[in-house]
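>>> Here is a sequence with its predicted model. Questions after.
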Amino acid sequence: MKHGADAEQTQSLALYFDFAMPECYFAYRLAAEYARAKGMRIEFFPVLLGARGNASGRREPLDRKSLQRRCEEFAVSRRLGRFQFNSSFPFSSLIMMRGAAAAITLGIADQYVGAVFRGAWEERREIERGEEFAAALRGGGIAPEIISGHLSTPQTRHDLIASTQRFREIGASCLPAIYVAGSLVEGFARLSAAFPVCTA
C-alpha cells in the first residue's frame, strides 16, 4: 500500500474511511469524482476509530435525527441524489472493514468499496446481516465467497490494524480523511471547500 506522499507521487488520492459513517460515503463520492476528473487512482485505507461520536471532527456528537438531517441537506446541496440515510444506523462495520483490507490485497478494492458504500448508503441494506452484506457484494459483481474466505485470516487482521495505524502516523485525527495534492483534508466540514460540485 502507498500512503501520503507516496500516493501523491504516483498520481493517486488516499482515502481513509469507515463504512459505518455516512460522512465517509460522501467523501468517497466526492473523491471518486475528483479522481476521475484528474485521471488519478484512489488508494483505499479502512480505519477503525472506535469512538464513533467524535470521528468526523464535530465538536460534539450529533443525535441520529440531527445527523440524518445534516446528511440529507448535504446530499441535496452536492447533488448526490442516490444517498439514503440507513435506517439501521448506527451499525458495526468490523466485518466490512476486514473485507476492505482483504479486497485491497486481492486487487478489487475499488469494486468492493463502491459495492459496500452503495449497499449501506444508497440501498439502505441492513449491511451488518450476512445475507445483506453478501447481496451488496453480488450487486457490485463480487462473489461473496471470494471475500468471506479472507475475513478472519491473520494477514487481513494485520493489514486492517496497519491501515488504522498509518492513519495516525500521517497526523489525521478524524474521519473522513483524504490526502491529495500534498494536502490532508479531514473531517466532514472541509469536504465542500476541498472538492468541486459532484453530480449524481
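Cool, the structure landed. Nothing here was measured: the structure is a model prediction, and the numbers come from that model. Residues are numbered from 1 along each chain as shown.

>>> Can you tell me the element Glu132 falls in?
helix 130-139 (DSSP states H and E).

>>> Quick one: end-to-end distance for stretch 87-99.
22 Å (C-alpha to C-alpha, to the nearest Å).

>>> Quick one: residues in contact with it.
18-20, 22, 46-48, 52, 64, 68, 112, 116, 120, 124, 126-128, 133, 147, 150-152, 156-157, 160 (C-beta atoms under 8 Å, 6 or more residues apart in numbering). In this view, the C-beta of every residue, glycine as well, is placed from N, C-alpha and C.

>>> Buried ones among the residues you listed?
18-20, 22, 46-48, 68, 112, 116, 120, 124, 127-128, 133, 147, 150-151, 156, 160 (16 or more other C-beta atoms under 10 Å).

>>> Check which helices and strands the one helix or strand Glu73 maps to sits against.
Using DSSP H and E, Glu73 sits in helix 64-77. The criterion is 3 or more C-beta pairs under 8 Å, 6 or more residues apart in numbering; DSSP states H and E, and the helices and strands that helix 64-77 contacts are helix 22-38.

>>> strands paired with the helix or strand following the helix it packs on, and their directions?
Remark: after helix 22-38, the chain's next helix or strand is strand 41-46, criterion DSSP H and E. Using DSSP bridges, strand 41-46 pairs in its sheet with strand 12-17 (parallel).

>>> The strand it pairs with vs helix 22-38, what angle?
170 degrees (axes from the mean of the first three to the mean of the last three C-alpha atoms, to 10 degrees).

>>> Who are the contact partners of the residue nearest to Tyr25 when sequence neighbours are not counted?
What sits nearest to Tyr25 in space, not counting adjacent residues and going by C-beta to C-beta, 6 or more residues apart in numbering, is Trp121, at 4.1 Å. Listed by C-beta under 8 Å, 6+ apart, the contact partners of Trp121 are 22, 25, 83-86.

>>> Quick one: mean pLDDT for the helix holding Glu73?
For helix 64-77, mean pLDDT is 93.

>>> Can you name the element that comes right after that helix?
Assigned by DSSP H and E, the successor of helix 64-77 is helix 94-106.

>>> what angle separates the helix or strand just after that next one from strand 12-17?
Heading C-terminal from helix 94-106, the first helix or strand you meet, by DSSP H and E, is helix 109-121. Taking the same axes, to 10 degrees, one finds helix 109-121 and strand 12-17 inclined to each other by 40 degrees.

>>> how far off helix 130-139 does helix 109-121 point, in degrees?
Going by the same axes, to 10 degrees, helix 109-121 makes 130 degrees with helix 130-139.

>>> Output helix 109-121 as CSV - backbone C-alpha positions only.
Taking Å, rounded to 0.1, in the frame of the first residue of the first chain, the C-alpha atoms of helix 109-121 are listed here in CSV:
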residue,chain,number,x,y,z
ALA,A,109,-10.6,-2.5,-3.7
ASP,A,110,-12.4,0.0,-5.9
GLN,A,111,-15.1,-2.5,-6.8
TYR,A,112,-15.5,-3.7,-3.2
VAL,A,113,-15.6,-0.2,-1.6
GLY,A,114,-18.2,1.0,-4.1
ALA,A,115,-20.4,-2.0,-3.6
VAL,A,116,-20.4,-1.7,0.2
PHE,A,117,-20.9,2.1,0.3
ARG,A,118,-23.8,1.7,-2.2
GLY,A,119,-25.3,-1.1,-0.1
ALA,A,120,-25.2,0.9,3.1
TRP,A,121,-25.9,4.4,2.0
